Each structure stands twice: as structure tokens, then as C-alpha cells.
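[1] Generate a structure from the sequence data that follows.
(2 chains)
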Amino acid sequence: MTELNKRAKQFMDALLHIDADRCSMLLDNLSSQGGDLRLVEDVVIPALEQIGVSWEGGDISLSQVYMAGRICERVVGRLLLENTCSIYGRPRVGIGVIEDYHALGKRMVISALRSSGYDLLDYGHGLKADDLVERALKDQLDILLISCLMLTSAVCVKDVVAGLRRAGSRVVVVVGGAPFRLAPMLWKEVGAHCMGSNSGEAVRIVRTLMEDRIWE
Amino acid sequence: MGMTSSQRLQIALSHREPDRVPYVLSANMHPARQMGLTIKEYFSRPRNVVEGQLKLHRMFGNDILCCYPFAALEILAWGGEALYCDNGPPNAGAPIIRRAEEISLLDPPEVAGNQPLQGVLQSTGRLKAAVGNDIPIAGVIISPTSLPIMQMGFGPYLDLIHERPDLLERLLLINTQYCVAWANAQLKAGAASILYSDPAFSPAIMSRDFILQYGLPTAVNVISRINGAVMIHMASGTGVPVVNEIFRAGFVGMSASAEEDLGALKSLCRGKLTLVGDLNALAMGSWRSEDIESEVKRAIALAGPGGGFVLSDNHGEIPLMVNEDILLAVADAVRRWGQYPLNWINAEDV
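    Below is the predicted model:
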């Protein structure tokens, strides 16, 4: 993680103070100078990644990460819509929660990714592993994100991976959530391709997979 | 004649050294498997829970018993539903507060006549009759500030905090009324103390501003009205930055997270707050015998000296996937390495 530039720092500071107006002003001001996608990449994504790192380091709370994501989604969404700035065409990304009804982590990842210019399909929570496999195959996903809070849910990821493999799918399965943080080898044991420790890291992982053009 | 669990805990809570480190392995779902019952069947009858808790004591030697089934009980009590699964605790079903405005018309459930709560009270009463004063029974409440996570869903609750502080304050008042009544009913039924489950008091979950503005005053209010000792449990949440607030609130002890330095926590809590923890319940399932030994010794060496420590897992609930052999080995290691005085600590580099 490189050091934040001045604009990203200002933006992050406004996010952590839950100051949506200041966030909008900062982005509007920068947007008027042109290059909205660049703005997202230079300011929004680094700020969200740093927020994720700060949470992992115990410097900020989950509630601040959540609110930052919500504000970001709103102000960036407005900016992209107003300027009809297109999002990335690939990868095709979907997210869901299996055998569990805790949806905050999923919500935070969605906010972070949408704020970073990625669209993704939200399959909801309380899904059976088979349902998620079916939907991932139907939508021909490149990346499937699975958010978990409960251990029972985390263990079920292996059923999703097995289902996808049986169908011959090459979709990359990325997991995240408390069970994977507290049991650091669990993501490998359930057959996931990688694990994100926070919503900012989810953005970094998707971006890396995109740069690697994993669908080719 | 050895000490009873009650005597052992009383001394440990007074920040003195009893005969050995007290411990509790919160394997509250495991008896269901041993009795050939589903989680739902097991918790649906008070007699199962009593039998299960006695089994846990016989198998592992737990120094604390507990009849509280799972957090989603609270949603059942408020008229919602619990979503059961076969290999873990049930989730809370759909939120009972669907729109923030509904808080204006919300009333807390009465403990008397509330079937889910009465089931826990019956279990507690029967268990108390079986164990007398030898083994303490812990009652549990979900704090007024953490209850809305289930009542509304976490996202909408966070939105409420920032957008409708007026309704937030009303909800906390309603929840406080409920929590106090529910805690006192458990004490009356035979619980010796109350575990105040409050992940929202952890700075890993909520901002310091929220904890100071709402978490601390709410805890002070609730504790002042509960007729017994109260300990806070943050369900794996870290607590180092809020030790002073926890002490100021009037708690007698706090949970220790596996995600923070137990030694640092102990030095902040010594003589003030008893620590409960901090074995990693999620990693425990893959521990080998040498891991068990070293983890138990680590925790005892860091937090055991001087008393004020109860060895337990960090979350307050050990997953069903952790098998009984591992738990037996953990219990055995605590009994071997937890004998006071802990002279081995200075002799070994732990």
C-alpha cells in the first residue's frame, strides 16, 4: 500500500468524519478538473483501501467503515451517473452470503466496489450453497465474492467451490469475514482462491484479478 | 477437600489466587449432539438444557454453567423468529423493526408470560436446584445498544444512529427497561451473576464517540438497576482502548479477545477487572495436542498470576465443529498448568 496522496487523505478524513457534504465538495471540485475514472482510482480507491487497513489495525471501528462505504457509494454513484462515466466491462462479479443472515459485511463490500467503479450482482443472504452455484453459473461470473460471519457459513464455501468445479466453471471464489481472519488457514481449507481481510482489500483483489484478465 | 467452583470463582473475582485457574468451555451446543437431538429440539425443552449443562460439567469440569441458549432468543422474545440450522446456532430471522418510525410505537415484551424467556428461567431454576450453591450459573442479556443489531439489522441500525438520534434514544430506553427486567428475572430464578453481551462496546465495532455517548451511559444505567454482579462480554471484540470505560461503568469483568495482546490487557485490568478468555474458538478445531498445551499455558502465564482470570474461549461460544477430544484436552491442560501458585511461569519461557 503506497502512502496516500493529499487528495485521498482529505477524502478519507471527510469519510471518517461522516461528512458527506465535504466528500461531495471534494469530488465535485476535482471532477471539474476532468477525468472521473482517474478520480476514482487516485482518490476513492486509495482512501477506501486505507480505511480497511486502519480498521484491521484497530484504529477505526466497523461502523466508521460502513458509513464511509455508504457515503462513498452515494457521492461517487452520483458523479458517475451525472457524467455517464462507464464502469469497467469485465470482470463480471457477484456476491452472496450462504447459510447465514448477517449481511453487513456484504453491504460494505458492495459499497466499496461500487464506489470504485465496479458493478456487481447482489445475490442476497441466507442462500443455500447450490443456489449460489446455480446463480454464479447462470450469470457467467468471473469472480464470486462470499461474505461470512458465522463459521457454519464459512465451512459451506467448500460446497460452493465443489459445485462450481463439478460444472467446469473457472470462476474465482474470493471469501472474507471474521471466521477467515480468526482462523487464517480456513480460506485454503474450504478451497477459496483468496481471502480479503476488509472491504478495501476486496477492491484491491478485484482490481488485481481484472488486471490479470482472469476471464481469458 | 477441594474448593467448589463457586468458592474458586469468588476468590478469582476478588483478584486473589484460588486453588487453580477457573475455566469454562462454552460448548453449549455439544450436548445436543451427544443426546442425539437437533439444536432446535435440544433447546426447546428446559430439561434437555439442564441435563446438557450437567453433562458439560461432568465431562469438562466447567466452573460456570449457563442456560442461555443463543442470541436469537431475544428476537423470539420480541415476537420474531429464529432460523435454525443443524450444525450451529440459529440466526435471528427478519428484523422486528422494519422502519425506523416503528420505534415510536414499540413496547418491550413482558418477561412474565413470555414463552421463550420463561423456558430459560425454568432451566435456570431446575439447574440451580440440581447444583445448589456449588456451581454458579451465569445469566445473559444482550445489551440495549447491541440488541438493535438483531432488532433492525446492523446496517439500518447504523443508519439510525446517524440519521435519527431521537429514535435511537427512545429505542435504547425501551431496551434498557427490557434488559433490566430480564436480567433480574434470571437472578431471581437462580443465576449468580449476569453476562452483559455487548459487541457494540468494542471499538472494533463502534466508534469511540458512540461508546462514550451511548454505550457507557446505557451500561451505567443498566448495571445500577441489576441486582447482582455484571460482567461484559464483547463476543471476540477487542477491548484494550475501553478498559477504563468498562471499569467506570461498574462491570466486574470483561472478555478478552484473541485478536489482542492478553498481557497488555491484563496489565490494564490487574486488580480492577477479571478477564475471561482468550482461546481462539475458531482456530481451536484444528489444534494438535502441542497447540492445546501451548495455548493454555500462554493464556495462564499472561493472565493467571494474581487471580482475576477465568480461562475460556474468546467468543463465548465454541463451535460444534470443535470436537470433544480437543475440549477434554483443553480442560486437562488447565487443570495441570493452572494450579496456583503458578511457579512454573518463572521457570519457563512461555
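
[2] Going by C-alpha atoms from here, please, whenever you check contacts or count neighbours.
    OK.

[3] can you map out the strands along chain A?
    A:93-96, A:121-122, A:143-147, A:172-176, A:194-196 (DSSP state E).

[4] err, the stretch 151-300 of chain B, not the other one
    B:193-197, B:229-233, B:253-255, B:274-279 (DSSP state E, counting those that start in this stretch).

[5] so how far is the third one from its chain's centroid?
    Going by CA atoms, centre = their mean, to the nearest Å, the spacing between the C-alpha centre of strand B:253-255 and its chain's C-alpha centre is 9 Å.

[6] list the helices and strands that strand packs on?
    Under the contact criterion of 3 or more CA pairs under 8 Å, 6 or more residues apart in numbering or on different chains; DSSP states H and E, strand B:253-255 touches strand B:229-233, strand B:274-279.

[7] Wasn't residue B:307 part of a strand?
    No - read with DSSP: H, G, I helix; E, B strand; the rest coil, residue B:307 is coil and lies in no strand.

[8] was I right about it contacting residue B:12?
    Yes - with contact defined as CA atoms under 8 Å, residue B:307 reaches residue B:12; the gap is 4.7 Å.

[9] contacting residues for residue B:224?
    With contact set as CA atoms under 8 Å, 6 or more residues apart in numbering or on different chains, residue B:224 has no partners.

[10] What score does it have for pLDDT?
    In the predicted model, residue B:224 carries a pLDDT score of 98.

[11] how about the residues of the stretch 51-200 of chain B near chain A?
    B:87, B:88, B:91, B:92, B:93, B:154, B:155, B:158, B:159 (CA under 8 Å from any CA of the partner chain).

[12] Let me have those residues in CSV, adding neighbour count and distance to residue A:49 as columns.
    Below are those laid out as CSV (neighbours: other CA atoms under 10 Å in any protein chain shown; distance: CA to CA, whole Å):
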residue, neighbour count, distance to residue A:49
B:87, 17, 35
B:88, 20, 33
B:91, 23, 30
B:92, 26, 31
B:93, 20, 32
B:154, 21, 22
B:155, 19, 20
B:158, 20, 21
B:159, 16, 22
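
[13] residues bridging contact with residue B:307 and residue B:12, i.e. touching both?
    Shared contacts of residue B:307 and residue B:12, counting by CA under 8 Å, 6+ apart, come down to B:18, B:21, B:274.

[14] For those, which entry has the maximal number of neighbours?
    residue B:21 (28 neighbours; other CA atoms under 10 Å in any protein chain shown).

[15] So which residues on chain A come close to chain B?
    A:55, A:58, A:60-64, A:66-67, A:100-101, A:103-104, A:107, A:151-152, A:179, A:182-183.

[16] So which of these sit within helices?
    Using DSSP state H, the subset of the residues of chain A next to chain B located in helices is A:55, A:62, A:63, A:64, A:66, A:67, A:104, A:107, A:151, A:152, A:179, A:182.

[17] Tell me, what's the model's pLDDT at the residue nearest to the last one when sequence neighbours are not counted?
    On the basis of CA to CA, 6 or more residues apart in numbering or on different chains, the spatially nearest residue to residue A:182 that is not a chain neighbour turns out to be residue B:282, at 6.3 Å. The model reports residue B:282 with a pLDDT of 91.

[18] give the contact list for residue 148.
    As the question left the chain open, I've gone with chain A. Contacts of residue A:148 (CA under 8 Å, 6+ apart): A:97, A:98, A:100, A:102, A:105, A:154, A:175, A:176, A:177, A:178, A:179.

[19] Please refer instead to chain B.
    B:154, B:157.

[20] mind running it again at 7 Å?
    residue B:157 (CA atoms under 7 Å, 6 or more residues apart in numbering or on different chains).

[21] in whichever strand or helix holds it, what's buried?
    Following DSSP states H and E, one finds residue B:148 within helix B:147-152. Across helix B:147-152, burial judged by 16 or more other CA atoms under 10 Å in any protein chain shown covers B:147, B:148, B:149, B:150, B:151, B:152.

[22] Kindly report the same for stretch A:10-30.
    So for stretch A:10-30, counting by 16+ other CA under 10 Å, buried means A:10-16, A:18, A:20, A:22-24, A:26-28.

[23] Go through those and name the one nearest chain B.
    Nearest to chain B out of those is residue A:18 (CA to the nearest CA; 8.7 Å).

[24] ok, back up a step: between the buried residues of helix B:147-152, which is closest to residue A:133?
    residue B:150 (28.1 Å; CA to CA).

[25] any idea how far the closest one lies from residue B:294?
    37 Å (CA to CA, to the nearest Å).

[26] nearest to residue B:214, of the helices and strands packed on strand B:253-255?
    strand B:229-233 (15.4 Å).

[27] Strand partners (parallel or antiparallel) of that closest one?
    strand B:193-197 (parallel), strand B:253-255 (parallel) (DSSP bridges).

[28] Residues in contact with the shortest one: which ones?
    Residues from elsewhere that reach strand B:253-255 (CA under 7 Å, 6+ apart): B:231, B:232, B:233, B:234, B:273, B:274, B:275, B:276, B:277, B:314.

[29] what's the least confident helix or strand in chain A, going by average pLDDT?
    Within chain A, no helix or strand scores below helix A:36-39, which has a mean of 70 by mean pLDDT, DSSP states H and E.

[30] where does chain B dip in pLDDT?
    Within chain B, the ranges that satisfy pLDDT under 70 run B:1, B:348-350.

[31] Also chain A?
    A:1-3, A:33-37, A:79-88.

[32] domains for it, by residue range?
    A:6-82, A:93-211 (automatic domain parsing).

[33] any idea how far the shortest one is from the chain center?
    Which is domain A:6-82. 14 Å.

[34] just to revisit the earlier point, so which pair among the contacts of strand B:253-255 is furthest apart in space?
    B:273 and B:314 (16.1 Å).

[35] Reformat the residues of the stretch 51-200 of chain B next to chain A as a markdown table; add distance to residue B:205.
    Below are these laid out as a markdown table (distance: CA to CA, whole Å):
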| residue | distance to residue B:205 |
| --- | --- |
| B:87 | 26 |
| B:88 | 23 |
| B:91 | 19 |
| B:92 | 19 |
| B:93 | 22 |
| B:154 | 11 |
| B:155 | 12 |
| B:158 | 11 |
| B:159 | 14 |
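
[36] now, which of the residues you listed sits nearest residue B:8?
    The nearest member of these to residue B:8, counting by CA to CA, is residue B:88 at 31.2 Å.

[37] Got phi/psi on the closest one?
    With angles defined as degrees, to the nearest 10, residue B:88 sits at phi -170, psi 180.

[38] what residues does the stretch 201-350 of chain B put near chain A?
    B:203, B:204, B:205, B:206, B:207, B:282, B:283 (CA under 7 Å from any CA of the partner chain).

[39] Out of these, which two sit at the greatest distance?
    B:207 and B:283 (27.6 Å).
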